[in-house]
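K.L.:
Need coordinates for the following:
(2 chains)
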There are 2 protein chains.
Amino acid sequence: MNKEKIEKSENKCELQKILDIIGGKWSMSIIYALIFGKRRFKELERLIPGISTRMLVKELKNMEENDIVIREAFATVPPTVEYSLTPKGRKLEPIINELYKWGIEYGITEN
Amino acid sequence: MNKEKIEKSENKCELQKILDIIGGKWSMSIIYALIFGKRRFKELERLIPGISTRMLVKELKNMEENDIVIREAFATVPPTVEYSLTPKGRKLEPIINELYKWGIEYGITEN
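P.N.:
Residues are numbered from 1 along each chain as shown, chains lettered A, B, ... in the order given. Have a look, this model is predicted:
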């Protein structure tokens, strides 16, 4: 491998670290659902068609561990759990918006 | 559901259509590997650590069908196959670069 290739190969590994955190298709959907503010678990479930309860639990846990979302539990009856974006998670908003614009430009999504 | 929620729910479905195309973690890695120009299949395989041959074939086929990459086959001995980004695929470059910057900012990746 020449120098350029070695550099690219190393960069590639670096990109993979990011995609391990937010590369799954559900992570971005969850971030998108939280852009306008806090959401309860049940709301998120409704806002993300196709996700199973188990998968949503798992994704939110991963995202909490990676400091993308904050989980707040309230001692109400019944107990309430709310999720919101951390500043780190919020920084992904323009990236998701750009993806969205790309989708509109190429007729994948509707405006 | 109130109006805002219905709107978000619809937007969500639209985002999902995009993520179905490029939301898998390998798609973005493949686009990233093609940013600097054409690559042969074997080069892509080397540049994307962790991807299996079978998965790379499958992803490239999907991306070709979705007009993200172009596949060119040359009648050399042995036959050569080269992949490159379409204009549609190339438009994703700034988005991937933003993701990369985000990763650097939060110490996920190294500069």
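K.L.:
Only C-alpha atoms from now on, for both contacts and neighbour counts.
P.N.:
OK.
K.L.:
Could you work out the end-to-end span of stretch A:104-111 for me?
P.N.:
6 Å (Cα to Cα, to the nearest Å).
K.L.:
Would you mark the buried spots in it?
P.N.:
A:104, A:108-109 (16 or more other Cα atoms under 10 Å in any protein chain shown).
K.L.:
and chain A, which residues reach chain B?
P.N.:
Residues of chain A lying near chain B by Cα under 8 Å from any Cα of the partner chain: A:5, A:8-9, A:12-20, A:23-25, A:29, A:32-33, A:46-49, A:88, A:91-92, A:95, A:98-100, A:102-103, A:106, A:108-110.
K.L.:
Write the PyMOL selection for whichever of these are buried.
P.N.:
Restricted to buried positions by 16+ other Cα under 10 Å, the PyMOL selection for the residues of chain A next to chain B reads:
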select buried, chain A and resi 8+9+12+13+14+15+16+17+18+19+23+24+25+29+32+33+47+48+88+92+95+98+99+100+102+103+108+109
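K.L.:
Return the item of the buried residues of stretch A:104-111 having minimum pLDDT.
P.N.:
Within the buried residues of stretch A:104-111, pLDDT reaches its minimum at A:T109, with 84.
K.L.:
Distance of that residue relative to A:F36?
P.N.:
Per Cα to Cα, A:T109 is found 20 Å from A:F36.
K.L.:
thinking again about what came up before, of all the buried residues of stretch A:104-111, which comes closest to A:E59?
P.N.:
The shortest gap between A:E59 and any of the buried residues of stretch A:104-111 belongs to A:T109, at 24.3 Å (Cα to Cα).
K.L.:
For that closest one, which residues are in contact?
P.N.:
By Cα atoms under 8 Å, 6 or more residues apart in numbering or on different chains, the contact set of A:T109 is A:100, A:103, B:14-15, B:17-18.
K.L.:
what about it, is that helix, strand or coil?
P.N.:
Three-state call for A:T109 (DSSP: H, G, I helix; E, B strand; the rest coil): coil.
K.L.:
Now the phi/psi pair for it, please.
P.N.:
Dihedral angles of A:T109 (phi, psi; degrees, to the nearest 10) stand at phi -120, psi 160.
K.L.:
can you check A:S52 too?
P.N.:
Per-residue torsions, A:S52: phi -90, psi 160 (degrees, to the nearest 10).
K.L.:
now it: how far from chain B?
P.N.:
15 Å (Cα to the nearest Cα, to the nearest Å).
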